[in-house]
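J.: sequence first, predicted model second:
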Amino acid sequence: MRPAAVWSALLACLLAVLAVAGSSPAQAQTAAAPTPPAARHVVVVGISGLRWGDVSATATPTLWRLAGQGSVGSLVDYAVLPLTCPADGWLTLNAGARAQSDHTDASCGAFPAVVASGAGAQVPSLPALESYNNQFHNTPSWGLLSRESPGCSTAVGPGAALALADSSGRVASYLPSPANITAGVLSRCPLTVVDLGNLGSTERGPVLASADSELARIVADLPAGTTLLVTAPGATTKPPHLQLTLVSGPGYRAGLLDAASTRQPGLVVLTDLTPTVLGWLGVPVSGTVLSSLGGAQITRGDRGALAPTVRSLVGRDTAEQVWRSTHSPFFWAFALADIVVMAGIGLAFWGAAPEARRRRARWWRVAGVFAVSVPVGTFLANLVPWWQFAHPAVWLYAVAVAWAAVIGAAALLGPWRRDPKDPLGPFGVICLLTVVVLGVDVMTGSRLQLETPFGLSVLQAGRFYGIGNEALGIYGITALLAAAWLALLALRRYPSSRRPAVAVVAVVALFAVVASGWPGFGGKVGGTIAMVPCFLLLAGAVAGIKLNWRLVLLVAVSGLALFVIFALISYFTPVTGKSDIGSFAGSSLHGHSGGLLLRKINSNIGSLSVNALSPLSPIVVVVTGLMLWRPSWFGLKTVPLAYAAQPLLRPIMGVLWLMPVLGWFADDSGVIVPAAALPLALPLGIGILAATAYFSGQSRYRNTTVTGPSGSRTADQPA
C-alpha cells in the first residue's frame with residue numbers, strides 16, 4: 001500500500017470521526033454561560049438518594065416545575081468509597097473535598113449525632129471524623145462553607161448541621177426540622193442549608209411525596225432573587241446511581257448544568273457544590289484554599305425541552321448501570337476467548353512441519369486481527385444510542401461485535417493480503433484506526449468513551465474526559481504499532497533515506513501525545529510519561545541510532561519533562577481550561593501536593609489487590625518481556641524467525657511491551673494499565689510474530705542462523 005493512500009485513508013477517518021463525534025452521543029454539547037452574578041440569598045436543599053428516575057409531573061410536581069424553569073443535571077455522588085452515604089455527602093459539602101464518615105462499602109453507619117444548643121447546635125463527633133479522614137489524603141478544609149460564607153448561615157436538619165459545622169463541630173444557627181422554616185428564617189441569612197431526609201430502598205414513594213411537599217412550602221417563602229440548589233448528597237442504597245441536581249435562580253433559566261471538572265454537559269460532581277455556593281455568595285473562589293480542591297463552579301448551558309432532557313439524564317444513568325454490571329464479565333470473556341481461540345488453533349494445527357507452521361500462523365493472524373478489532377468496536381458502539389433501547393447491554397455488545405467483525409474483515413481483505421512484504425498490514429490499519437478514533441474523540445469531548453467497556457465510568461469519578469485508565473495501554477500500544485507500520489511502509493517506499501520513516505513516527509507521536517496529554521484535550525499524566533519515551537525509542541530504532549547511557553537517560557525523563565511543561569501551561573494559561581494536571585501544578589507550587597501524591601501512590605499499590613488474580617498480572621508482564629528479549633530461554637522458534645525476517649521487529653515489540661509497563665508505574669491505576677491491555681496485546685503480538693515469520697517472504701531470512709535450545713540451525717529448516 002502506497003504512503004499516499006495511507007495518508008488519504010487517515011485523513012478520511014479523521015474527518016469522518018470528527019464529524020460524528022462532534023454531534024454525538026446522548027447529550028448535545030452546550031456552550032457554558034458565564035458565572036451568574038452574586039445572589040443575596042442562597043438556599044441549598046438536600047434530598048439524599050434522589051434520582052431523575054424519581055421525578056415526574058405527577059409524582060413530584062414541585063421538582064418538575066423547578067426543573068422546567070431552572071437548569072438540570074446529574075450529580076456524581078462519589079466521596080471516598082463507591083457507597084457514598086448521606087453523611088459523606090454533607091461532610092464533603094462542609095469541607096469542599098471528598099470526605100467520609102466511618103463506614104464500609106457494604107453499608108452506611110450511624111449518622112453523626114447533632115445536639116441542639118440554644119440557637120445553634122454541636123456535632124460532637126466532628127473532630128474524630130476529621131482525624132479519621134486524614135488517612136485518605138484528600139486535604140479537606142473543615143468548616144470551609146460556613147467560614148467563607150459572608151454574614152450568618154442557617155442549618156435545618158442533621159445533614160445541614162454537618163454541612164455548616166465549623167472545625168470544632170459548632171453550628172451557629174440551627175433548626176432541627178424543616179417544619180420550623182418560615183419566610184423570616186429564609187431571609188435572615190445569606191445562606192440556608194436544608195436537609196429534607198433520605199430516600200431509602202423501601203417506601204420511596206411516600207417519602208418522596210413528603211419531601212416534594214416540604215420543598216413546595218420552602219419555595220413559596222423564598223426571598224426574591226434567591227438562588228435555589230436542590231441536590232442529593234449521598235445515598236444509603238447500592239448500587240450507586242447518578243443523582244439529581246437542579247438550580248433555579250438568576251442566570252439558570254431553562255438550562256443544562258455544566259462544570260469544568262467534568263467537561264461533560266449535564267454532569268457535575270459532589271466537590272463542585274461548595275465552590276459553586278460560595279461563588280453565588282460573592283466569595284472569590286480563585287486565589288483561596290479552593291484552588292487546591294477538586295471542584296469547579298457549576299455553570300449553565302442551553303438545552304431543549306424538559307421531558308427529552310430528563311430522558312437523556314435517565315439514559316446516562318442506565319448506561320452507567322450497564323457498565324457497572326457487565327464491565328468485569330466482559331474482560332473475563334474477552335481474555336478467556338483469546339486463550340481458548342489461540343490455544344485451540346495451536347492444537348488444531350499441531351506439528352513442526354513447515355506446512356503445519358504456516359497454517360497455524362495464518363489462523364493466528366486471522367484470530368489476532370479480530371481480537372485487535374474489539375476495542376475500537378466497543379468505542380464505535382456509542383455511535384448508536386443503545387442506552388435508550390430495551391435490553392441496553394445486549395445492544396451495546398451486539399453493536400460492538402458487529403463493528404469488530406466489519407473492521408477485522410476489512411483489514412484482512414485489504415490490498416496487503418497479497419503482499420508478503422507487509423505482514424503487519426491488517427494489524428497496522430486497525431491500530432491506526434483505533435488511535436485516530438480515540439484521539440479525535442478525546443479532542444471533541446470523549447463522548448465515544450463514556451460507559452463503554454474500555455472507556456470511562458463517570459460513577460467511578462476517576463476521569464470524565466481523556467483516555468481512561470483501562471484504555472491507556474490500548475491507546476499507547478495501537479499508536480506505537482500504527483507508527484511502526486507506517487514507518488516500515490516508508491522505508492520500503494524510500495529505501496535510500498530514513499527521514500520519511502522518522503517523520504511518519506513523529507507525526508503519529510505528535511497526534512497521539514497531544515490528544516492524550518494536552519490539558520485542553522485529555523490532560524493524561526500517565527499517558528504522557530509512558531508514551532513519549534517509547535516513541536523516542538521507536539524513532540531512534542527507525543533512524544538507526546545506537547543508544548548510549550546519555551541517550552537512555554534523556555529518553556527516560558522525556559515523558560516526565562513534557563508532563564511538567566503541560567502542567568505549567570495548564571496552570572498559567574486559562575485558555576486551556578481547568579484540568580487535573582493544572583490543579584496538580586498549582587498545588588505543587590503552593591506546597592500542597594503531598595496528599596495528592598500519597599493518594600496516587602496508595603492507589604497504584606492498591607491496584608495489586610483489586611481481585612484474586614491481580615497479583616498474576618505482573619508475572620505475566622515479566623514473563624512476556626523475557627520471551628520477547630530471550631526467546632531461546634523458552635524454546636520459542638517463531639520469535640527469532642520473525643526477528644530475522646524483519647530486524648526492526650525486535651525494537652518494535654520492545655516498545656509495545658514497555659509502554660504499558662511505564663503506564664503501570666506512571667498512572668495511579670497501576671497494574672490495571674497492562675492488565676487491561678493484555679487481551680489486545682497478546683493476540684496482537686502472537687499474530688504479528690507469526691505473520692512476519694512465515695508470510696513476509698522467506699527469501700529475506702533464508703539461511704539466517706537462529707540459535708535455539710537444541711543448537712544452531714538455518715531459518716528454513718523445520719522449527
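T.: Perfect, thanks for sending it.
J.: helix or strand next in line after the helix or strand hosting residue 541, which one?
T.: Secondary structure assignment for residue 541, by DSSP states H and E: helix 525-543. The element immediately downstream of helix 525-543 (helix or strand, assigned by DSSP H and E) is helix 549-572.
J.: next secondary structure element downstream of that following helix?
T.: From helix 549-572 onward toward the C-terminus, using DSSP H and E, the following helix or strand is helix 580-589.
J.: so where's this structure shaky on pLDDT?
T.: By pLDDT under 70, the low-scoring segments of the chain are 1-37, 285-294, 586-588, 590-596, 612-613, 696-719.
J.: tally of neighbours for residue 516?
T.: The burial count assigned to residue 516 is 29, neighbours taken as other Cβ atoms under 10 Å. Bear in mind the C-beta positions are built from the backbone N, C-alpha and C, glycine included.
J.: what ranges does the stretch 51-200 of the chain have for its helices?
T.: The residue ranges that make up the helices of the stretch 51-200 of the chain, judged by DSSP state H, counting those that start in this stretch, are 61-69, 86-95, 126-132, 144-148, 158-164, 183-188.
J.: for the fifth one, name the packing helices and strands.
T.: So that's helix 158-164. Packing contacts for helix 158-164, counted by 3 or more Cβ pairs under 8 Å, 6 or more residues apart in numbering; DSSP states H and E, involve strand 42-48, helix 86-95, helix 144-148, strand 153-156, strand 191-198.
J.: mind naming the longest helix for this protein?
T.: With DSSP state H applied, the helix covering the greatest number of residues in the chain is identified as helix 306-348.
J.: so what's the residue nearest to residue 99 when sequence neighbours are not counted up against?
T.: Spatially, and ignoring its direct neighbours in sequence, residue 99 is nearest to residue 91 (4.0 Å; Cβ to Cβ, 6 or more residues apart in numbering). Listed by Cβ atoms under 8 Å, 6 or more residues apart in numbering, the contact partners of residue 91 are 79, 99-101, 129, 133, 140, 162-163.
J.: 7 Å instead?
T.: Taking Cβ atoms under 7 Å, 6 or more residues apart in numbering, we find residue 91 in contact with 99, 101, 129, 162.
J.: just checking, what packs against the longest helix of the chain?
T.: In this structure, helix 306-348 packs against strand 71-76, helix 354-380, helix 392-412, helix 672-695, with contacts taken as 3 or more Cβ pairs under 7 Å, 6 or more residues apart in numbering; DSSP states H and E.
J.: wait, which of the ones you listed is closest to residue 473?
T.: Proximity of these to residue 473 was assessed by Cβ to Cβ; the nearest stretch is helix 672-695, lying at 2.9 Å.
J.: any idea of the angle that closest one forms with helix 306-348?
T.: Taking axes from the mean of the first three to the mean of the last three Cα atoms, to 10 degrees, one finds that helix 672-695 is oriented at 50 degrees with respect to helix 306-348.
J.: sorry, back to before: what's the helix holding residue 541 in contact with?
T.: Contacts of helix 525-543 from elsewhere in the structure, counted by Cβ under 7 Å, 6+ apart, are 467, 472, 475-476, 479-480, 483-484, 487, 498, 501-502, 505-506, 509, 512-513, 516-517, 547, 555-556, 558-560, 562-563, 566, 581, 648, 651-652, 655, 658-659, 662-663, 666-667.
J.: any idea how far it is from the chain center?
T.: 22 Å (Cα atoms, centre = their mean, to the nearest Å).
J.: what's the angle between that helix and helix 672-695?
T.: Interaxial angle of helix 525-543 relative to helix 672-695 (the same axes, to 10 degrees): 20 degrees.
J.: would you mind writing the CA trace of helix 525-543 as CSV?
T.: Below are the C-alpha coordinates for helix 525-543, written out as CSV (Å, rounded to 0.1, in the frame of the first residue of the first chain):
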residue,chain,number,x,y,z
VAL,A,525,-0.4,12.3,33.1
GLY,A,526,0.4,8.6,32.8
GLY,A,527,-0.1,8.6,29.1
THR,A,528,2.4,11.4,28.5
ILE,A,529,5.0,9.9,30.8
ALA,A,530,4.6,6.4,29.3
MET,A,531,4.3,7.2,25.6
VAL,A,532,6.9,9.8,25.0
PRO,A,533,10.0,7.6,25.8
CYS,A,534,8.5,4.8,23.7
PHE,A,535,8.0,7.0,20.7
LEU,A,536,11.6,8.3,21.0
LEU,A,537,13.0,4.8,21.2
LEU,A,538,10.9,3.8,18.2
ALA,A,539,12.1,6.8,16.2
GLY,A,540,15.7,6.1,17.2
ALA,A,541,15.4,2.5,16.0
VAL,A,542,13.9,3.6,12.7
ALA,A,543,16.6,6.2,12.3
